[in-house]
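Visitor: Predicted structure and sequence below. I'll ask about it afterward.
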Amino acid sequence: MVKARKASSQDIDSVADFLCHHFNGRLKRNDWCLLFNTEWNDDDRFPGFLLENSSGIVGFVGTLLSRRLIKSRYHRFCNIHSWVVEPEYRNQSIELAAPILKLKDYNFTNFTTVSQNVQFMMKIFGFKVLESASQVLFPFPDYRFRGFNLQIDVVFERDEIAKHLNEHESKIFADHLNENCTHILVRSMSETCYIIAKETILKNIRFAYVYLISNPEFFLKTVDVLRGVIVQKMNTIGLIVENRFVHGEKMRFSVKRKVARYYKPATVAREDIDNLYSELVLLPRIS
């Protein structure tokens with residue numbers, strides 16, 4: 001007999017083993033365990049739902065719950081990730097997701113769907129496309145000279161960054177301080193832009209993937225310099241920025257790359273949703 005139930009902290013080891021096996025060891029067991037150790041200030045948090053029979057787990061869908069300060073109000077988010085069901089039980093996949101989607105007043109996101117079946121299920125459940133494209137930026141050889149007239153500072157020291165953040169940014173900073181992210185502050189005499197990026201690997205090549213841009217207009221004005229500074233600091237080949245972070249503006253010396261991000265909003269708009277508070281932040285080398 002197969003049944004679905006809410007997962008608990010006692011299921012961490014068995015779920016991590018299940019995910020490690022399903023994804024062919026692409027991530028280590030300890031990597032998957034990182035999904036169960038967040039403290040993003042949601043009192044109702046739980047790690048997800050699992051499907052099991054007498055032999056063990058045959059399906060799982062993960063949840064990362066958080067409370068986010070957006071436009072002076074707190075909003076609840078549920079990031080759905082790692083939706084995996086063994087082939088012979090896929091007719092029961094809906095049993096895993098349905099209880100999660102009944103959560104009241106939550107904004108749902110799904111960032112790492114690769115299966116066509118799961119993408120189809122997202123649409124059945126009323127999810128919309130959050131993002132479909134990103135831009136891969138490569139540094140200009142003369143990026144240092146391009147910054148002479150801009151009079152900007154690019155700061156990577158966390159103590160210094162913390163001094164210049166507003167209330168909303170400070171909460172993000174504190175919540176992601178212990179994650180494997182690079183925090184960046186770009187500042188001029190009159191403007192600042194807070195950026196969070198993380199290393200990812202695509203086709204065995206290292207890139208810096210941007211998950212947050214607090215001031216898109218200022219970012220666009222300085223991007224020809226920033227791409228070089230960030231790539232050098234993070235020791236990567238290029239910088240990846242999703243289109244919605246820059247209002248769809250085409251940036252020079254870039255290559256288009258497809259992505260698939262989904263969302264089901266309750267209390268926030270599309271432009272309020274970045275890639276933080278998700279498995280993208282917690283798991284190494286994924287994008």
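Guide: Ah, there it is. Everything numeric here is computed off the predicted structure, so don't read it as measured data.

Visitor: switch to C-alpha atoms for all contacts and neighbour counts from now on
Guide: Fine.

Visitor: hmm, who's touching the strand or helix carrying residue 123?
Guide: For residue 123, the host element (DSSP states H and E) is helix 116-124. Identification of contacts with helix 116-124 by C-alpha atoms under 8 Å, 6 or more residues apart in numbering yields 83, 113, 128, 262.

Visitor: For these, pick the one with the most neighbours.
Guide: Most neighbours among the contacts of helix 116-124, by other C-alpha atoms under 10 Å: residue 262, with 24 neighbours.

Visitor: So which elements touch the biggest strand by length in the chain?
Guide: When the chain is parsed with DSSP state E, its longest strand is strand 56-70. For strand 56-70, the packing partners by 3 or more C-alpha pairs under 8 Å, 6 or more residues apart in numbering; DSSP states H and E come out as helix 12-22, strand 48-53, strand 73-85, helix 93-101, helix 167-175.

Visitor: That one vs strand 48-53, what angle?
Guide: Between strand 56-70 and strand 48-53, the angle comes out at 170 degrees (axes from the mean of the first three to the mean of the last three C-alpha atoms, to 10 degrees).

Visitor: ok now strand 56-70, how far from the chain's centre?
Guide: Average the C-alpha atoms of strand 56-70, do the same for its chain, and the two points are 13 Å apart (C-alpha atoms, centre = their mean, to the nearest Å).

Visitor: my read: residue 110 touches residue 83, true?
Guide: No. Using C-alpha atoms under 8 Å, residue 110 is not in contact with residue 83, being 9.8 Å away.

Visitor: Residue 113 touches residue 260, doesn't it?
Guide: Yes. Residue 113 is in contact with residue 260 according to C-alpha under 8 Å; the separation is 6.9 Å.

Visitor: hey, what's in contact with both of the two?
Guide: Shared contacts of residue 113 and residue 260 (C-alpha under 8 Å, 6+ apart): none.

Visitor: quick one, phi psi at the nearest residue to residue 211 once chain neighbours are set aside?
Guide: Spatial nearest neighbour of residue 211, excluding adjacent residues (C-alpha to C-alpha, 6 or more residues apart in numbering): residue 275 at 5.0 Å. Backbone torsions for residue 275, taken as degrees, to the nearest 10, come to phi -110, psi 10.

Visitor: Kindly give the local confidence score, pLDDT, for residue 275.
Guide: At residue 275, the pLDDT value in this model is 97.

Visitor: Kindly tell me how buried it is, as a neighbour count.
Guide: Using other C-alpha under 10 Å: residue 275 sits among 19 other residues.

Visitor: and what of residue 270?
Guide: Neighbour count of residue 270, defined by other C-alpha under 10 Å: 14.

Visitor: just checking, it touches residue 130?
Guide: Yes. Residue 270 is in contact with residue 130 according to C-alpha under 8 Å; the separation is 6.8 Å.
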